[in-house]
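Q: Here is my input; please provide its structure:
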Amino acid sequence: MNENLDKFILKLQTESFTTFNNKNAIPKEIKDILDCLTKKFSIANPDQEYACCCTSSDKLPQRKLIYLSKSQNTLVMTYFTGGWGVMTHLLLIQFDQDKITDLWSGSCNENIKSNQDIIKYLNDNRNKHWGLNSNMVYF
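A: Okay, the predicted model is just below:
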């Protein structure tokens, strides 16, 4: 369930990351792979509307970016999804140019807006039953 999580935590602690407030900072190759995995990884910027509830327009993106940072080959992202209720997701991706080499996804606290918050949240919740993930892959 949390395989390779220690590796991601170490990367968050040791690599140099740049933070972005725009979905366009997601590398095109990573976005293309996420599109393939989800049949379309539609995501709104933090200041834009998204399909937050069951009455939202189908034309709105299915996700809303909260936090995005990346290093040379690691991408960290938190985002909302809507529907019957809002859920917050954490996505950790290791990539090498045009391919994803490792991926971890889980649930997180909506207030996570820094790598330090992510490290603390992962360490505090990794061994709790239903703390980070539900054994289901959902982006």
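
Q: use CA for all of it now, contacts and neighbours both
A: Will do.

Q: Taking the centroid of the chain, which residue is nearest it?
A: Leu91 (2.8 Å; Cα atoms, centre = their mean).

Q: Could you grab the helix/strand/coil label for the most far-flung residue of the chain relative to its centre?
A: Computed with Cα atoms, centre = their mean, the residue of the chain farthest from its C-alpha average is Thr55, at 24.1 Å. Secondary structure state of Thr55, per DSSP: H, G, I helix; E, B strand; the rest coil, is coil.

Q: and it, how far is that from Asn127?
A: 36 Å (Cα to Cα, to the nearest Å).

Q: any weak-confidence spans in the protein?
A: Residues of the chain meeting the criterion pLDDT under 70: 1, 129-139.

Q: Would you map the strands across it?
A: Taking DSSP state E as the test, the strands found in the chain are 18-20, 43-44, 63-70, 74-81, 87-96, 99-107.

Q: now for the third one, which elements pack on it?
A: In other words, strand 63-70. Under the contact criterion of 3 or more Cα pairs under 8 Å, 6 or more residues apart in numbering; DSSP states H and E, strand 63-70 touches strand 18-20, strand 43-44, strand 74-81.

Q: what's around Lys120, how many residues?
A: 12 (other Cα atoms under 10 Å).

Q: Ser69: what's it in contact with?
A: Each residue near Ser69 by Cα atoms under 8 Å, 6 or more residues apart in numbering is listed here: 17-20, 75-77, 115.

Q: Apply 10 Å and report the result again.
A: Listed by Cα atoms under 10 Å, 6 or more residues apart in numbering, the contact partners of Ser69 are 12, 16-21, 25-26, 75-78, 92, 113-115.

Q: same check, this time on Arg63
A: 41-46, 49-52, 78-82, 86-89, 139.

Q: Quick check: the residue farthest from the centre of the chain touching Trp84?
A: Yes: at 9.3 Å, Thr55 counts as touching Trp84 under the criterion of Cα atoms under 10 Å.

Q: Just the buried ones from the contacts of Ser69?
A: Buried subset of the contacts of Ser69 (neighbour count, 16 or more other Cα atoms under 10 Å): 12, 17, 19, 26, 75-78, 92, 113, 115.
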